[in-house]
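Asker: next comes the sequence, and after it the predicted model I'd like to discuss.
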Amino acid sequence: MNNKNILLEVRNLSAEVAGIEILKGINLVVKAGEVHALMGPNGSGKSTFAKVLAGHIDYTVTGGEVLYQGKNLLEMAPEERSRAGVFLAFQYPIEIPGVSNSAFLRLAYNTMQAARGGEELDPLEFDDFIREKIKLVEMDPSFLDRSVNEGFSGGEKKRNEIVQMAVLEPKLAVLDETDSGLDIDALKVVANGVNHLTRPDNAIILVTHYQRLLNYIVPDYVHVIEGGQIVKTGGKELALELETRGYDWVRAEFDAARAAA
Amino acid sequence: MRAAMELVNTVAKDRYLENLLRGQPPASPLGWLNQIRAAATECANALTVPSTRDEEWRFTDPSPLLKFSFQPARGAQRLAQADIQHFVIPEASSDRLVFIDGIYAAELSTHCGNEHGILVTSLAQGLLSHGEFLQQHLARNADFHNDVFCALNTSFVRDGALVIINNNVAYPAPVHLLFIATKPETAVYPRSLVVAGPGSRCALIEEYISLAENVYFNNAVTEVVVGENARVQHTKVQQESRASFHIANCAVTLANKAIYISDTVTLGARLSRHNLHVLQTAEGTRCTLDGLALISGRQLADTHTYMDHAKPGGNSRQLHKCIVDDAAHAVFSGKVRVREGAQLTDSAQTSCNLLLSDKAHVDTKPQLEIFADDVKCAHGATVGQLDAEEVFYLRSRGLDEQGARSLLTYAFAAEIINKIPVASLVRQLRHLVMEKTQLRERI
């Protein structure tokens, strides 16, 4: 294994929210150029894991460690993680009435550029830049002038998350149920956008319920999370198996293996 | 002992009013106007300055007013065009009435629209040329019988702003009424009358500014008459000195199918009170009453609105927002009355309040009085701090915590400001709010 390529290393991570333990020892290694799918039933801890990586304040890490590019991710504030290249596409993006989408995207972009020592863009320059980016998810330019996510349909909000990903160019993107609420056409568009953003030097963690997203964004690894632990890891074919057989057998297999050990 | 104290206070208040009533302008050549002024003076003498014991002033103590002895402005301060350049609104450059300490400044005013079916002039001038017409409207909308401040203003009526839009004229540019305060310790009585004829359309900007952080008292009355099928878009911006007192009564009368859209932005004054009273006198009117108060320090901003659905089929929408920082205090009281027989009224009111510090205070009071049975009336109020989930969302996009909070506070205010139909005014107000919310990067 070439350690230089390791972007994320999660060791025995546990976390709780409101005093309830949700994550109970997650182990995961993500290398540059990889796509990981994290699947599991409702309440298994998938979204919690995504939020813990982004530094959500409601979640308390109770054990383990997370190294991002060799640094302790858990010590970093949410904005530091973002500026270091960690991106979370929200399951439920918030609405900001009163601030236009383009102004918000420019503010985020310029904040990132300032952190990276890159060049900031004025509104005119940014307009050219963003009009290219939104083509990636076939977003109508009128969405740039509207308030951030206000009155957007579920699918439009998800497209907007991917636009933000395109603007911020993260090293590690965690997409939390980006496929939920999308019809099949929108799903293809969003998946296509994500595929265009994958590069040999970045990585993606897809958190999803359903196999269908993985028809369009093909993962290198599929992990099943259950009861706050990763109970099985396989290739892309594991997703198909889960689709037909459900999750129960995975848990049974995991319990049996543990009992045997 | 307590009774004795109150007696002393009442006497002090009465003297106070007596003092304020001195220095009224000379009688008008118009008998009807003198009669109105005499009636108003009588009311002002009979009434007293309200206290927090009055239900309508429960949350706002006007007694700080009594600590100052205000005198009517004598002689106009002269300002050059350059002095007011900063306040000129380009879209409204052809129709602007400027008042300095309540006194009409003809040399700073423009009225190009007068050949295009709109009359924009001083009230004094209008009384000379349109006296009979004005008799039907002046002081007929803003009731002074129960409001000492409105009575005071009415007893002083001689000049002011007058806008008359002829029937079926859709006037494309906004009309700017600019009230500039320059002198300390003065009591000023701005008066405005807007009459929109049947089928007409116009936009109005009523703005109060100050050139120095003086203590003064602006006691304004604005009357707006919206004719049948007419549409008036009314933006009020209050940026008085933070040491001043601003008490305003705005009375709006809506005819059949009239449309009235109001945006009120309150930023200044030590103590401000904005009363907005909209009376629906015929069927099928539409009305939007939006407001923003953004205050800090020890400011007090009180907005009292009263939507009176007296006839059937009226529609009213209201979104009022307050952003309160430091030890400031915001008050919102929104009364909606649906009178007997005003069936199919559709009314919705929302009051949203953002508290930015532990000492910030807000009182919000929706009041629905419904006397008809086939109506739709909704109201809701929220008081809170910035949403933690929203702050996290922005931090996850790289903004630091302060930047995220500033952006969300700005956004809270911008939702109201963005509704104003005059682009340059929107830009100006956005920049002001960015400064006040410490948003570092202009967006």
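Answerer: That came through fine.
Asker: only C-alpha atoms from now on, for both contacts and neighbour counts.
Answerer: Noted.
Asker: now do the strand or helix carrying residue B:425: distance to the chain's middle.
Answerer: Using DSSP states H and E, the element containing residue B:425 is helix B:423-436. Offset of helix B:423-436 from its chain centre (C-alpha atoms, centre = their mean, to the nearest Å): 19 Å.
Asker: and if you look at stretch B:350-363?
Answerer: Distance, centroid of stretch B:350-363 to centroid of chain: 21 Å (C-alpha atoms, centre = their mean).
Asker: give the buried residues for it.
Answerer: Within stretch B:350-363, the residues that count as buried by 16 or more other C-alpha atoms under 10 Å in any protein chain shown are B:350-356, B:360-362.
Asker: ok so, going back, pLDDT on the helix holding residue B:425, on average?
Answerer: The average pLDDT within helix B:423-436 is 93.
Asker: residues in contact with it?
Answerer: Defining contact as C-alpha atoms under 8 Å, 6 or more residues apart in numbering or on different chains, one finds that helix B:423-436 is touched by B:89-91, B:410, B:413-414, B:417-418, B:420, B:440, B:442.
Asker: quick check, nearest of these to chain A?
Answerer: Nearest to chain A among these is residue B:414, at 4.7 Å by C-alpha to the nearest C-alpha.
Asker: so which bits of chain B are right by chain A?
Answerer: Within chain B, the positions near chain A by C-alpha under 8 Å from any C-alpha of the partner chain are B:390, B:392-393, B:395-400, B:408, B:410-416, B:418, B:441, B:443.
Asker: which among the residues you listed count as buried?
Answerer: Neighbour counting over the residues of chain B next to chain A (16+ other C-alpha under 10 Å) leaves B:390, B:392-393, B:395-400, B:408, B:410-416, B:418, B:443 as the buried ones.
Asker: could you list the low-pLDDT ranges of chain A?
Answerer: A:1-4 (pLDDT under 70).
Asker: bridged to the residue minimising distance to the centre of it, which residues?
Answerer: Centroid-nearest residue in chain A, with C-alpha atoms, centre = their mean: residue A:174, separated by 1.4 Å. With beta bridges defined as DSSP bridges, residue A:174 has these partners: residue A:88, residue A:205.
Asker: tell me the spacing between it and chain B.
Answerer: Residue A:174 is 12 Å from chain B, where distance means C-alpha to the nearest C-alpha, to the nearest Å.
Asker: doesn't residue A:205 make contact with that residue?
Answerer: Yes - taking contacts as C-alpha atoms under 8 Å, residue A:174 lies within contact range of residue A:205: 4.7 Å.
Asker: run a quick neighbour tally on the closest residue to chain B within the stretch 101-250 of chain A.
Answerer: Distances from the stretch 101-250 of chain A to chain B, computed as C-alpha to the nearest C-alpha, single out residue A:103 as the nearest residue at 5.4 Å. The tally of other residues near residue A:103 (other C-alpha atoms under 10 Å in any protein chain shown) stands at 20.
Asker: just the strands in chain A please.
Answerer: A:6-17, A:20-31, A:35-39, A:59-68, A:71-72, A:86-89, A:96-100, A:147-148, A:172-176, A:203-208, A:221-226, A:229-234 (DSSP state E).
Asker: name the residues of stretch A:25-37 that are buried.
Answerer: A:25-28, A:30-37.
Asker: ok, stretch A:11-29 next?
Answerer: By neighbour count on 16+ other C-alpha under 10 Å, the buried set for stretch A:11-29 is A:11-16, A:21-28.
Asker: could you list the low-confidence segments of chain B?
Answerer: Checking chain B against pLDDT under 70 turns up B:1-14, B:440-443.
Asker: domain boundaries for it, per the record?
Answerer: Here the domain assignment for chain B is B:2-282, B:387-443, based on automatic domain parsing.
Asker: let's have the ones you listed in a markdown table, adding distance to residue A:245.
Answerer: Listed next are those as a markdown table, based on distance: least, C-alpha to C-alpha, whole Å:
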| stretch | distance to residue A:245 |
| --- | --- |
| domain B:2-282 | 59 |
| domain B:387-443 | 36 |
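Asker: am I right that residue A:31 is in contact with residue A:8?
Answerer: Yes - using C-alpha under 8 Å, residue A:31 is in contact with residue A:8, at 6.8 Å.
Asker: turn the strands of chain A into TSV, including distance to residue B:22.
Answerer: Compiled in TSV, these are given as follows (distance: least, C-alpha to C-alpha, whole Å):
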stretch	distance to residue B:22
strand A:6-17	68
strand A:20-31	72
strand A:35-39	80
strand A:59-68	67
strand A:71-72	75
strand A:86-89	67
strand A:96-100	47
strand A:147-148	52
strand A:172-176	71
strand A:203-208	76
strand A:221-226	82
strand A:229-234	82
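Asker: so residue B:192 touches residue B:162, yeah?
Answerer: Yes - between residue B:192 and residue B:162 there is a contact under C-alpha under 8 Å: 5.9 Å.
Asker: shared neighbours, those two?
Answerer: With C-alpha under 8 Å, 6+ apart, residue B:192 and residue B:162 have common neighbours residue B:123.
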